[in-house]
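what would the 3D arrangement of this be:
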Amino acid sequence: MAQYACIIQSGQVAEARQAELSDGLKRIAHDLLGDVPDAVDVKWITVREGFGFTAGRPSRSSLVVRSVPNGYPDDRRTKLLSTISDLWQDVTGCGSDEIVVTAMDGPLPL
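Below is the predicted model of the structure:
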């Protein structure tokens, strides 16, 4: 099963837009990896207010982790990561320094 883990800060725009982001992530999974949208699992983890900091200030960053097949080609990985980042910025209005996206070979350890 294709998996995403989305770690967001409490009170963020991303929290209010989870459905829209989930739909976009499933569409990306279909378009770039051929995944059936209903077989894509999107997990949401919310960091409580006061529990996430960047440079001594409350964090505004989100982290998206996606599972990919072992040995997934770098050129396709780059396209996947940039497409997810673009989606997140378009939906939430965050800056490129407020979204971290990674692709992890094999299933996510959730």
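
just confirm Ala5 is within a helix.
No. Counting by DSSP: H, G, I helix; E, B strand; the rest coil, Ala5 is not part of a helix but strand.

now do the contacts for it.
Lys43, Ile45, Leu63, Val64, Val65, Leu108, Leu110 (CB atoms under 8 Å, 6 or more residues apart in numbering). Where C-beta positions appear, they are placed from N, C-alpha and C, glycine not excepted.

list buried residues within those residues.
Taking 16 or more other CB atoms under 10 Å as the criterion, what is buried in these is Leu63, Val64, Val65.

can I assume the first one is in contact with Cys6?
It refers to Leu63. Yes. Here Leu63 reaches Cys6: they are 7.4 Å apart, a contact under CB atoms under 8 Å.

neighbours around the residue lying closest to Thr54 once chain neighbours are set aside, how many?
Counting by CB to CB, 6 or more residues apart in numbering, Thr54 lies nearest to Ser61, which is 6.1 Å off, once chain neighbours are set aside. Neighbouring residues of Ser61 were enumerated by other CB atoms under 10 Å; the total is 18.
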